[in-house]
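> Give me a model of this one.
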Amino acid sequence: MKNLKPQHNKQIMADAQTARAAYSKRYVLRTEIVSMNVINYQISESYQVIEPNLHDSNLLSVEHDKNDTLIKFRSTSGELIQAVASNVNKLVINDFREGNIVLDVTIERMVKIPDYGLDKLFVLSKVKCEKQDAYIRTVKDKIESGEMMLVTINPSYGCNGMIYCENISFYKV
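Residues are numbered from 1 along each chain as shown. All right, here's what the predicted structure looks like:
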């Protein structure tokens, strides 16, 4: 093996550190959840998440990185719960305030979604057009087939939101 000049070694080390930093920044959502306990979520007949119990929890933060979204909740018992939505195609979060209180979170997959159920998710034109109708039909078909899901955060106070994604997982920190 041939010896490299010290200056060349420094450049290789700097390049490796830059690559590691870029990698860890890009995949921070995935690496953060490694040390957490997975919660197998359960939903009621009305699609409300009942496990983990997010009613009256505080929504602390929302982070979106490329295709993944990390949402942090503090339950009424004080536990930190994180939800990770993967392959997010559309994310809308409104009225984020200090002290956001969650009424409920719903997960809809393999169900019929009415047009008004998507009104928060898309800013629809007043003038109907074929492209818009076709896109909404595609979204509804993917939810009805189970390929995608619609996650809705309903507030008692503060933040409300909708996430059109492939999957969501919950973790206890």
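
> Which stretches in the protein count as strands?
Ranges of strands in the chain, per DSSP state E, are 37-39, 42-43, 49-51, 58-65, 68-74, 80-86, 90-94, 100-108, 149-157, 160-165, 167-172.

> ranking those strands by burial, who's on top?
strand 160-165 (a mean of 22; mean count of other CB atoms under 10 Å). Any C-beta I mention is one placed from the backbone N, CA and C, and that applies to glycine too.

> Paired strands for that one, with orientation please.
Here strand 160-165 has these sheet partners by DSSP bridges: strand 90-94 (antiparallel), strand 149-157 (antiparallel).

> how big is the angle separating the longest one from strand 100-108?
In other words, strand 149-157. 160 degrees (axes from the mean of the first three to the mean of the last three CA atoms, to 10 degrees).

> Just want the angle from strand 149-157 to strand 80-86.
Using the same axes, to 10 degrees, strand 149-157 lies at 140 degrees relative to strand 80-86.

> Need the contact partners of strand 149-157.
56, 59, 71, 85, 93, 95, 97, 99-109, 113, 117-118, 120-121, 143, 159-168 (CB atoms under 8 Å, 6 or more residues apart in numbering).

> and it, average pLDDT?
Average pLDDT, strand 149-157: 96.

> repeat for stretch 45-63
Rounded mean pLDDT across stretch 45-63 is 96.

> Now the terminal residues of it, how far apart.
One end of stretch 45-63 to the other measures 29 Å (CA to CA, to the nearest Å).

> Contacts for that stretch, please.
Residues outside stretch 45-63 that contact it (CB under 8 Å, 6+ apart) are 29, 39-44, 69-76, 81, 93, 96, 99-108, 111, 153, 155-156, 158-159, 161, 170, 172.

> starting at the chain centroid, how far to that stretch?
A distance of 13 Å separates the centroid of the chain from that of stretch 45-63, by CA atoms, centre = their mean, to the nearest Å.
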